[in-house]
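>>> Starting from these lines, generate the structure:
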Amino acid sequence: MTVQSQQVVAVVPTVNNTTDHVQTVLEKHLFQKYEFQRMRFQTAFIYAGVTTVGVIIALLVATLLDVMPVSRLPETYRLFAPFVEWSNTGAQDQVCSWECEILTQSTRLFKAASDVGASIVSRETGQGNIAGIARLCSLISVSIVVWFSYQKQLVQYYTMNAQQAQLNDFNSTPRWQFWLSRIFYTLAALFGTYVMVSIIWFGLSLVFKNLTLQWFNAAIVVVVFTWTATFAGAIMGLAASTRHVLLLGLFTFVFGFSASFALAPTTEVEGLAFEWWQGAVSSAGRANPSASLFTGTLFSGSLSLVVLWFDINSIIQAMIDDGKVRLLSAKGWMWVARLLYAALILGLLAVGFIRVDRANFPINMVFHAGGAVLAVASVVICALLIRKHRFHPWYKIFSVHILLGVTVVMAVFGSLRFDPLGFVSPGEGIISLTVIELTLLILIGVWGYITVDNLLAQANIKAFEGEVIMVRQEQPS
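Numbers count the residues shown, from 1 in each chain. Presented below is the predicted three-dimensional model:
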């Protein structure tokens, strides 16, 4: 009894010491995470403040030098006046053949840069446009701050959140790939800011109708809004992780498409009897004011997906190399993954860049609808090919049963008609093409986020297990 009691007494202090050590480590790590967040907010605050002040001063200098489309600053400022590129009264780009459509849509936002500058003053009243000034300043400021802050604190972010696989991948990224990723991310942030800021100001115009301010109050509103948008861009840019890039693209798609649908003309499309919402969705991107928003959404979202591929390329390669490959080699399966991903991006661009005019340009419908089919098919094929045993069992349920099942059901009912009974072209049956496109786009977005999240989680777990094994091997017996 005496010996056993002594053994118990000897063990208890060891357990207590271990518990205290673990608690100390956890508290230290928590403190480090708080310090990192404080440093991140402080850095973003400084970046946003300096950039905003610089852009405002540059705007004042440009106005005084008569570089901008106004010779002097107006005395009164409206909160919102319709943006010049949103005007549906002037000449608009007509639908043309598919190759002409690609050129027109690709250059639309670049040609609209002068309209963005001209929107700072209302043409009808000569008053200043607070929304136009704030939007112009935000676009310039966000682009600058994103370029200079891009991934400055990403190493600390990955370290604090125990994302070892992504940290290793980032540290081994070639310089050319990093700079290419920075360029695409900055452009995605530019077009995304254009979409989001335009939507925000349009919403504010509905809340504060016909509000007019003097120059001092207008200046405060412009500075505060520009700083807020720039601060958000700096926060995202400093730690632009893989999940952040994906969320940037998904949120841009959701809000940009929703606003372009809401602002699209609701007239009949080519004489077909559509419900008002079907007509709005079908005509989104064809005419102002939704055209610029629609194109900007596709630009920003697609560029975000390109940046996302740079982040997950090596992780997918490692997952393929680590598993047992069949039919093709590991290199062959990697090329399959690249082709499927490229098909997704090209399909989305075809939907947004090629407008439809069945009467004059019937071939456009082939590219437009074909792009949607290509995007959906690439995701469905990818969902079937991914080895599900690596992920949680519910992922297999979603990828195979829900995604594939909904796609098949909608394809069948979209080609089936009851009165009279028979088959028709896809999208002209019980379920319209508009419903099919919207439903499948939502499923693609959800599946994309779930897949990337599971992929990163598994990669980080495996990398962490490898670090633990290496530490154990280095410790003396």
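
>>> What is the neighbour count of the nearest residue to residue 196 once chain neighbours are set aside?
In space, residue 196 comes closest to residue 255 once its chain neighbours are excluded; the distance is 6.4 Å by C-beta to C-beta, 6 or more residues apart in numbering. Backbone N, C-alpha and C define where each C-beta goes, glycine included. Residue 255 has 17 neighbours, counted by other C-beta atoms under 10 Å.

>>> which residues does residue 255 contact?
Applying C-beta atoms under 8 Å, 6 or more residues apart in numbering to residue 255 gives the contacts 195, 196, 199.

>>> State the distance from the last one to residue 252.
Counting by C-beta to C-beta, to the nearest Å, the gap from residue 199 to residue 252 is 10 Å.

>>> quick one, strands of the stretch 1-150 of the chain?
76-78, 128-129 (DSSP state E, counting those that start in this stretch).

>>> For the shortest one, name the packing helices and strands.
Counting contacts by 3 or more C-beta pairs under 8 Å, 6 or more residues apart in numbering; DSSP states H and E, strand 128-129 is packed against strand 76-78.

>>> Give me the distance between the strand it packs on and the centre of its chain.
Its chain's C-alpha centre lies 33 Å from the corresponding centre of strand 76-78 when counted by C-alpha atoms, centre = their mean, to the nearest Å.

>>> now do stretch 106-116
21 Å.

>>> repeat for stretch 185-196
9 Å.

>>> How about residues contacting that stretch?
Counting by C-beta under 8 Å, 6+ apart, 109, 116, 135, 138-139, 142-143, 146-147, 150, 229, 233, 236-237, 240, 245, 248-249, 252, 255-256, 259, 292-293, 296-297, 299-301, 303-304, 307 sit against stretch 185-196.

>>> next one: stretch 237-245
Contacts of stretch 237-245 (C-beta under 8 Å, 6+ apart): 40, 43-44, 145-146, 149-154, 156-158, 163, 166, 185, 189, 236, 304, 307-308, 311-312, 452-453, 456.

>>> that older thread, more crowded one of residue 199 and residue 252?
A count of neighbours by other C-beta under 10 Å puts residue 252 above the other of residue 199 and residue 252, at 26 against 18.

>>> Just to check, that one is in contact with residue 304?
Yes. Counting by C-beta atoms under 8 Å, residue 304 is a contact partner of residue 252 at 6.9 Å.

>>> residues contacting residue 345?
302, 305, 306.

>>> make it 6 Å
Contact analysis of residue 345 by C-beta atoms under 6 Å, 6 or more residues apart in numbering lists 302, 305.

>>> Quickly find the element holding it.
helix 330-353 (DSSP states H and E).

>>> Residues touching the helix or strand following that helix, excluding its own?
Remark: after helix 330-353, the chain's next helix or strand is helix 362-385, criterion DSSP H and E. Identification of contacts with helix 362-385 by C-beta under 6 Å, 6+ apart yields 98, 340, 343-344, 347-348, 350-351, 354, 356, 358, 399, 403-404, 407, 437, 440, 444.

>>> if we can go back for a sec, ranking the strands of the stretch 1-150 of the chain by mean neighbour count, which comes first?
strand 128-129 (a mean of 26; mean count of other C-beta atoms under 10 Å).

>>> what about that strand, average pLDDT?
Taken as a whole, strand 128-129 has an average pLDDT of 86.

>>> Kindly report the same for stretch 284-295.
On average, stretch 284-295 scores 77.

>>> What of stretch 434-453?
Mean predicted confidence for stretch 434-453 is 84.

>>> Quick check: buried residues in it?
434-437, 440-441, 443-445, 447-448, 450-452 (16 or more other C-beta atoms under 10 Å).

>>> Need those in a markdown table (columns: distance to residue 424 and secondary structure).
What follows is the buried residues of stretch 434-453, written out as a markdown table (distance: C-beta to C-beta, whole Å; DSSP: H, G, I helix; E, B strand; the rest coil):
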| residue | distance to residue 424 | secondary structure |
| --- | --- | --- |
| 434 | 15 | helix |
| 435 | 15 | helix |
| 436 | 13 | helix |
| 437 | 17 | helix |
| 440 | 19 | helix |
| 441 | 22 | helix |
| 443 | 23 | helix |
| 444 | 25 | helix |
| 445 | 28 | helix |
| 447 | 28 | helix |
| 448 | 31 | helix |
| 450 | 34 | helix |
| 451 | 33 | helix |
| 452 | 37 | helix |
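
>>> Could you dump the residues you listed into TSV and include distance to residue 180?
Formatted as TSV, the buried residues of stretch 434-453 follow (distance: C-beta to C-beta, whole Å):
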residue	distance to residue 180
434	36
435	38
436	35
437	31
440	30
441	27
443	30
444	25
445	25
447	27
448	22
450	27
451	23
452	20
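
>>> between those, which is closest to residue 224?
residue 445 (32.1 Å; C-beta to C-beta).

>>> Does the closest one touch residue 251 like I think?
No. Applying C-beta atoms under 6 Å as the test, residue 445 and residue 251 come out as separate, 9.9 Å apart.

>>> I'd like to know which of the contacts of stretch 237-245 are buried.
For the contacts of stretch 237-245, buried by 16+ other C-beta under 10 Å: 40, 43-44, 145-146, 149-154, 156-158, 163, 166, 185, 189, 236, 304, 307-308, 311-312, 452, 456.

>>> Just those: which are in helices?
Of those, the ones assigned to helices by DSSP state H are 40, 43-44, 145-146, 149, 154, 156-158, 166, 185, 189, 236, 304, 307-308, 311-312, 452, 456.

>>> Centre-most residue in the protein?
The chain has residue 249 as the residue nearest its centroid, 1.0 Å off, counting by C-alpha atoms, centre = their mean.

>>> which element is that residue on?
Assigned by DSSP H and E, residue 249 falls in helix 242-263.

>>> which parts of that helix are buried?
242-246, 248-253, 255-257, 259-263.

>>> Could you report the distance from the residue nearest to residue 163 when sequence neighbours are not counted to residue 241?
Among residues not flanking residue 163 along the chain, residue 460 sits closest, at 5.0 Å (C-beta to C-beta, 6+ apart). Look at residue 460 and residue 241: by C-beta to C-beta, they are 11 Å apart.

>>> ok, back up a step: turn the strands of the stretch 1-150 of the chain into a markdown table, including distance to residue 316.
As requested, the strands of the stretch 1-150 of the chain are exported to a markdown table (distance: least, C-beta to C-beta, whole Å):
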| stretch | distance to residue 316 |
| --- | --- |
| strand 76-78 | 51 |
| strand 128-129 | 46 |
